[in-house]
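Novice: test case, fold it:
(2 chains)
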Number of protein chains: 2
Amino acid sequence: MGGDHAPRAPIAGALLALAELDAAHTIQLVGQAAIIGAELDGLLYGEFEHTTDARERIEIIDASEVIAMSEKPAAAVRAKPNSSMVVGLKLQSTGDSDAFISAGNTGAQMAASTMWLKLHAGLTRPAVATLFPTKRQPIVVLDSGANVDCSAHELVQFALLGSVYAEDMLGRPNPAVALVNIGEEAKKGSKAVIEAHELLQSAGINFVGNVEGRDILAGETQRGQVDVMVCDGFVGNVLLKFYESVPGFMAELMLANGVDRETVKRALREFDYSDYGGAPLLGVRGVSIISHGASSPRALKNAVKVGVRAVETQMSEHIGRHLERVRPAVAS
Amino acid sequence: MGGDHAPRAPIAGALLALAELDAAHTIQLVGQAAIIGAELDGLLYGEFEHTTDARERIEIIDASEVIAMSEKPAAAVRAKPNSSMVVGLKLQSTGDSDAFISAGNTGAQMAASTMWLKLHAGLTRPAVATLFPTKRQPIVVLDSGANVDCSAHELVQFALLGSVYAEDMLGRPNPAVALVNIGEEAKKGSKAVIEAHELLQSAGINFVGNVEGRDILAGETQRGQVDVMVCDGFVGNVLLKFYESVPGFMAELMLANGVDRETVKRALREFDYSDYGGAPLLGVRGVSIISHGASSPRALKNAVKVGVRAVETQMSEHIGRHLERVRPAVAS
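Specialist: Residues are numbered from 1 along each chain as shown, chains lettered A, B, ... in the order given. I've put the predicted structure just below:
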């Protein structure tokens, strides 16, 4: 029910996903049942009339309340136990669902996921990872906005979460994890970053040292490819939003200099965020996929597939096992 | 003597500057006199043979030591009192010079400038501002790397320094100063940023609220144009280095998609950092202009002109007066 184009975009996304996933997968649509039912029927008689078994693989689960995009997260989650957000997540805690996907209020999704799925032992807060397109393959940047004022131990937690994410979700064996910093040297940077650099040496991951702002688009440092870049949520959020504004700026510059629209579109194809669809909330015991509020049906279809992959690779369990092995480095 | 192309680039830059500045301006070349003399003669008999009065407007001041680009700043400044860096800056503290320009070791320049020029009362550390090209006019971003782990009071100091810089150096009356943050709301962000937001309300400058990563390239927020963006040096440095890598990435994408070289060059013209030349070290009692180590003669010519403007607008005195007026907001 949340997100800028609900409930149409999530329902259409679900139908697109069912068409691509094998028949064993089913989808629960959680929200105001009458509204969802009408919208679903409309789509099945219209745009999706060719869809054969979709209706039997969809269950509508009623949830009377809606958390608006502008509501204060923690308060909204407490005040609205019958919201699609809370009802949807609780399905997982009662074993009735494997994964939760939402394009709704991100803060509320984080609060409700933490409350109902719980965090793995050793973690302070969940983190959100974002994929940045680079000259090489996309890199995982985290935290991308959920956590500011991070301690060194929290940065180490992000490193570990990002490492498992890159391995399970992107299929990168032994991912190279780097620390975003203002120089190459171990002793550079803020107090937390300097301490994190030290702790990361014994965190049981493939830590490759610092990465500077100039290395991000290259997707590598002088020491080779990077898969995961770790920073606090303040740096990550400023970087992410800055980066998201680059394609538009590039397009304007190209068009203003006489490059034709088709070429501009082709050159900027790599930046299409809907290819990624959604980001798993990392650290919770379960699967909670965060999608952009403005997600298209195609983006939400991809978000469903991100959820399926997180379930199939058992990413959450993998994170739990890894945390147990390296408790001293992550516990603050 | 410092910088990647010394002493040729600084000397050629000085000759270019003298050709553009009126006859009252003279330049002191500080460093190993024999080497500088030979290089200067070579340029005057070669590339610059058409230059008429340049030689009479140049004074060579001997300084036997050189601080290398890789030396530890504070230690190098202490160990090398006869370096071109220290000798050049001391000329200003003895009244024999109005401005100092260097493409040498930036950290050493900051340390030596703080030691020999001293800071204005009320400041904790000097700051470095960088100009970011945007869709509108360039914006001043500071601190751009000198100061990490900043307190709220230090962020307010940067806001004040940036405001005077924008007014005196860029000719922007009543510059709009914004705080880099992860949201629009006053209560968003890290502890230091939230406190700085509060303090900036009474800092005697035109504070326009928060600016997010996505607003930087636009050069504005919904509330209008922004002239100065304030952040700690960690965020500023990561952003700056990331931004510096964007034109190269754009060029590669365009070339790979068949855009011709001339068009690429034209589209990226705005990003030519040598147009700016140098950044004044803000907060010192005097004029110390920091140029990139790789500066071309043209960039160094522009750096000299930045120095001239800082002297003529009495930027340092302006900063001192402003600090006296708003002492409570900046003093930690």
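Novice: list the buried residues of stretch A:43-59.
Specialist: A:43, A:44, A:48, A:54, A:57, A:58 (16 or more other C-beta atoms under 10 Å in any protein chain shown). The way it works is simple: take the backbone N, C-alpha and C, and place the C-beta from them, glycine included.
Novice: so how many other residues sit close to the nearest residue to the last one once chain neighbours are set aside?
Specialist: So the one you mean is residue A:58. The shortest distance from residue A:58 to any non-neighbouring residue, by C-beta to C-beta, 6 or more residues apart in numbering or on different chains, is to residue A:27 (5.4 Å). Burial of residue A:27 is recorded as 23 neighbouring residues (other C-beta atoms under 10 Å in any protein chain shown).
Novice: list the contacts of residue A:27.
Specialist: A:14, A:17, A:18, A:57, A:58, A:59, A:304 (C-beta atoms under 8 Å, 6 or more residues apart in numbering or on different chains).
Novice: can I assume the third one is in contact with residue A:54?
Specialist: Yes - when contacts are counted by C-beta atoms under 8 Å, residue A:18 is listed as touching residue A:54 (4.9 Å).
Novice: can you name the residues that contact residue A:12?
Specialist: A:43, A:47, A:48, A:297, A:300.
Novice: now the second one: how far from chain B?
Specialist: The gap separating residue A:47 from chain B is 32 Å, by C-beta to the nearest C-beta, to the nearest Å.
Novice: separation between the closest residue to that residue other than its chain neighbours and residue A:67?
Specialist: Take residue A:47 and drop its neighbours on the chain: the residue closest to it by C-beta to C-beta, 6+ apart is residue A:12, 7.3 Å away. Residue A:12 is 21 Å from residue A:67, where distance means C-beta to C-beta, to the nearest Å.
Novice: report pLDDT for the residue nearest to residue A:58.
Specialist: For residue A:27, the pLDDT comes out at 98.
Novice: briefly note if the helix or strand hosting residue A:209 comes near chain B.
Specialist: Using DSSP states H and E, residue A:209 sits within strand A:206-211. No - Strand A:206-211 lies out of reach of chain B by C-beta under 8 Å from any C-beta of the partner chain, never closer than 9.6 Å.
Novice: avg pLDDT for the helix or strand just after that strand?
Specialist: Note on strand A:206-211: by DSSP H and E, the next helix or strand toward the C-terminus is strand A:220-221. The average pLDDT for strand A:220-221 rounds to 90.
Novice: could you do stretch A:183-199 as well?
Specialist: The predicted model gives stretch A:183-199 an average pLDDT of 93.
Novice: farthest pair within the buried residues of stretch A:43-59?
Specialist: A:43 and A:57 (14.1 Å; C-beta to C-beta).
Novice: which of the contacts of residue A:12 sits closest to chain B?
Specialist: Relative to chain B, the closest of those is residue A:300; by C-beta to the nearest C-beta it sits at 22.4 Å.
Novice: name the nearest residue to the closest one, ignoring sequence neighbours.
Specialist: Distances taken as C-beta to C-beta, 6+ apart put residue A:13 closest to residue A:300, at 2.6 Å, once the chain neighbours are dropped.
Novice: right, and the one you found touches residue A:301 too?
Specialist: Yes - under the criterion of C-beta under 8 Å, residue A:13 makes contact with residue A:301 at 4.7 Å.
Novice: buried sites along the lengthiest helix in chain A?
Specialist: The single longest helix within chain A, with elements called by DSSP state H, is helix A:233-256. Taking 16+ other C-beta under 10 Å as the neighbour-count basis, helix A:233-256 is seen to contain the buried residues A:233-247, A:249-251, A:253-254.
Novice: where's residue A:287 relative to residue A:208, distance?
Specialist: For residue A:287, the distance to residue A:208 equals 28 Å [C-beta to C-beta].
Novice: the two: who's more crowded?
Specialist: Per other C-beta under 10 Å, whichever of residue A:287 and residue A:208 has more neighbours is residue A:287, with 24 against 20.
Novice: and the stretch 51-200 of chain A, which residues reach chain B?
Specialist: So the stretch 51-200 of chain A meets chain B at A:135, A:145, A:148, A:149, A:180, A:182, A:189, A:190, A:191, A:193 (C-beta under 8 Å from any C-beta).
Novice: try 7 Å
Specialist: Contact residues, the stretch 51-200 of chain A versus chain B (C-beta under 7 Å from any C-beta of the partner chain): A:135, A:145, A:148, A:149, A:180, A:182, A:189, A:190, A:191.
Novice: I figured the first one hits residue A:216, correct?
Specialist: No - because the distance of 10.1 Å does not satisfy C-beta atoms under 7 Å, residue A:135 is recorded as not touching residue A:216.
Novice: neighbour count: those two, which is higher?
Specialist: A side-by-side neighbour count of residue A:135 and residue A:216, using other C-beta under 10 Å, places residue A:216 first with 25 against 14.
Novice: which non-adjacent residue is nearest the more buried one?
Specialist: residue B:242 (5.5 Å).
Novice: list the contacts for that neighbour?
Specialist: A:213, A:214, A:216, A:239, A:242 (C-beta atoms under 7 Å, 6 or more residues apart in numbering or on different chains).
Novice: return the member of the residues you listed nearest to residue B:172.
Specialist: residue A:242 (22.4 Å).
Novice: that closest one and residue A:248: what is the separation?
Specialist: 12 Å.
Novice: for residue A:106, same thing?
Specialist: 22 Å.
Novice: following element in sequence after the host helix or strand of residue A:166, please.
Specialist: Per DSSP H and E, residue A:166 falls inside helix A:152-170. With elements assigned by DSSP H and E, the helix or strand that comes after helix A:152-170 is strand A:176-180.
Novice: how distant is the helix or strand just after that following strand from the center of its chain?
Specialist: As assigned by DSSP H and E, the chain's next helix or strand after strand A:176-180 is helix A:191-200. Chain-centre distance of helix A:191-200: 25 Å, with C-alpha atoms, centre = their mean, to the nearest Å.
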